[in-house]
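*Asks:* mind looking at a prediction? Sequence and model below.
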Amino acid sequence: MNTPPLNTPSGTPESGNTPPAGAPFLAVENLVVEYPVPGGTFRAVDDISFTVERGTSLAVVGESGCGKSTLAHSLVRLIRPTSGRILLEGTDLGALSERRLRPHRRRVQMIFQDPYGSLDPHLSAEDIVAEPLRLAGERSRTARSKRAAELIDRVGLPSSALQRRPAEFSGGQRQRIGIARALASDPELLVCDEATSALDVSVQAQVLALLRDLQASTGLTFIVISHNLGVVREISEDILVMRSGSVVERGATAAVLASPVEPYTRALRRAALDPAAMRGRKPRSVVSARAGGARADDTDTRPRPPAEAATVSGTTE
Ligand SMILES: Nc1ncnc2c1ncn2[C@@H]1O[C@H](COP(=O)(O)OP(=O)(O)OP(=O)(O)O)[C@@H](O)[C@H]1O
């Protein structure tokens, strides 16, 4: 297998996979997701439609239980939609059989909330990052190692990180490994489900800066699920507000957060601005000398996130 450069769009002449003219990068059409529950089904996503253009970031916000993660899991096909379409450059991912989905799977990757639980504690960082390459059919261990080293460097970790296991990293460093693993598949769309919410505020800023940098350099498209309106402001151009499985408001992030039209969005913003909604979080100690080099998390002087780190669900959970 030739390892492609980061984020070579599959709809380019190199890929031979030409998208229909004028098709948006991602179009979600009338998406419905129901879970089986005793005595029937529960509709967690209720007829959602939206589009996302390549290289942009869409934030999805809403109170706990409104269906954000269900939407995210549908996008990466961890869940198969009950009805509706998820069109990536015109290809309906939701309708494809597992076999036909395989070539598209790499195109949409997810970064999970929990940098502690989402990495196999028994594997080295190199093996974690190289695993998607192995699954994609890369047989050469040397090629996998080389690519893992490139990706570890790309996410700002030192090469000494390659042989260490997850327990030896800080939360922010683990999330960087999770990002490197997601990048290994050469994705075009990254779905970040509360990807920074388990991190200290300053480490959040570093991971957000990394995501923004990746987007600027590779043209990645993001869907960012977050309770944190500060994070949403930092990373998204557009915002989609969900309530009880439906979209209640959609628009440019700055405009929607400055003057929300829907009463529900206003209530979310009030909840986020209420100091009582702040989640108290003690600073965790960050990188130690043991973690081998201080490139990430402790030397970063990039701008900190906005002071508002309140969570949307802070007052509603
Ligand atoms: N496997 C399941 N079976 C039945 N109901 C489920 C299942 N998973 C989620 N739900 C329900 O679907 C609804 C949406 O859940 P989801 O996790 O998508 O919400 P969310 O907005 O991501 O919440 P949070 O912000 O708390 O993570 C919730 O009412 C939840 O209880």
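*Replies:* Right, received. Where do you want to start? Residues are numbered from 1 along each chain as shown.
*Asks:* the strands in the stretch 101-250 of the chain, which residues?
*Replies:* Secondary structure of the stretch 101-250 of the chain (DSSP state E, counting those that start in this stretch): strands located at 108-111, 189-193, 221-225, 238-243, 246-252.
*Asks:* dump those into CSV; add mean pLDDT, distance to the ligand and mean neighbour count as well.
*Replies:* Placement of C-beta: from N, CA and C, glycine included. Formatted as CSV, those follow (pLDDT from 0 to 100; distance: least, CB to the nearest ligand atom, whole Å; neighbours: other CB atoms under 10 Å):
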stretch, mean pLDDT, distance to the ligand, mean neighbour count
strand 108-111, 91, 13, 22
strand 189-193, 93, 8, 24
strand 221-225, 94, 7, 25
strand 238-243, 94, 7, 23
strand 246-252, 95, 12, 17
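*Asks:* as TSV, the ones you listed with distance to Val33 would be great.
*Replies:* Formatted as TSV, the strands of the stretch 101-250 of the chain follow (distance: least, CB to CB, whole Å):
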stretch	distance to Val33
strand 108-111	16
strand 189-193	15
strand 221-225	15
strand 238-243	12
strand 246-252	12
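*Asks:* so how many other residues sit close to Ala180?
*Replies:* Ala180 sits with 25 neighbouring residues when counted by other CB atoms under 10 Å.
*Asks:* hmm, it is touching Glu150, no?
*Replies:* No. Between Ala180 and Glu150 there is no contact under CB atoms under 8 Å: 9.1 Å.
*Asks:* just the CA atoms of the longest helix seen in the chain, as PDB, please.
*Replies:* When the chain is parsed with DSSP state H, its longest helix is helix 201-218. The C-alpha trace of helix 201-218 is given here as PDB (Å, rounded to 0.1, in the frame of the first residue of the first chain):
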ATOM      1  CA  VAL A 201      -8.300  24.600  30.000                       C
ATOM      2  CA  SER A 202      -4.700  25.400  29.000                       C
ATOM      3  CA  VAL A 203      -4.200  22.000  27.500                       C
ATOM      4  CA  GLN A 204      -7.600  22.400  25.700                       C
ATOM      5  CA  ALA A 205      -6.100  25.500  24.000                       C
ATOM      6  CA  GLN A 206      -3.100  23.600  22.800                       C
ATOM      7  CA  VAL A 207      -5.200  20.700  21.300                       C
ATOM      8  CA  LEU A 208      -7.500  23.300  19.700                       C
ATOM      9  CA  ALA A 209      -4.500  25.100  18.300                       C
ATOM     10  CA  LEU A 210      -3.200  21.800  16.900                       C
ATOM     11  CA  LEU A 211      -6.600  21.000  15.200                       C
ATOM     12  CA  ARG A 212      -6.800  24.500  13.700                       C
ATOM     13  CA  ASP A 213      -3.200  24.100  12.400                       C
ATOM     14  CA  LEU A 214      -4.000  20.700  10.900                       C
ATOM     15  CA  GLN A 215      -7.100  22.200   9.200                       C
ATOM     16  CA  ALA A 216      -5.100  25.100   7.800                       C
ATOM     17  CA  SER A 217      -2.300  22.900   6.500                       C
ATOM     18  CA  THR A 218      -4.400  20.000   5.200                       C
END
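*Asks:* so for that helix, what gets flagged as buried?
*Replies:* 201-211, 214-215, 218 (16 or more other CB atoms under 10 Å).
*Asks:* still on that earlier bit, Val155: which of the strands of the stretch 101-250 of the chain is closest?
*Replies:* Across the strands of the stretch 101-250 of the chain, Val155 has its closest neighbour in strand 108-111 (11.1 Å, CB to CB).
*Asks:* any residues of this structure in contact with the ligand? List them.
*Replies:* Taking CB under 6 Å from any ligand atom as the contact definition, the chain meets the ligand at 35, 37, 42, 44, 62, 64-70, 313.
*Asks:* check those residues for burial and list the buried ones.
*Replies:* Applying 16+ other CB under 10 Å to the residues of the chain next to the ligand, the neighbour count classes 44, 62, 66-70, 313 as buried.
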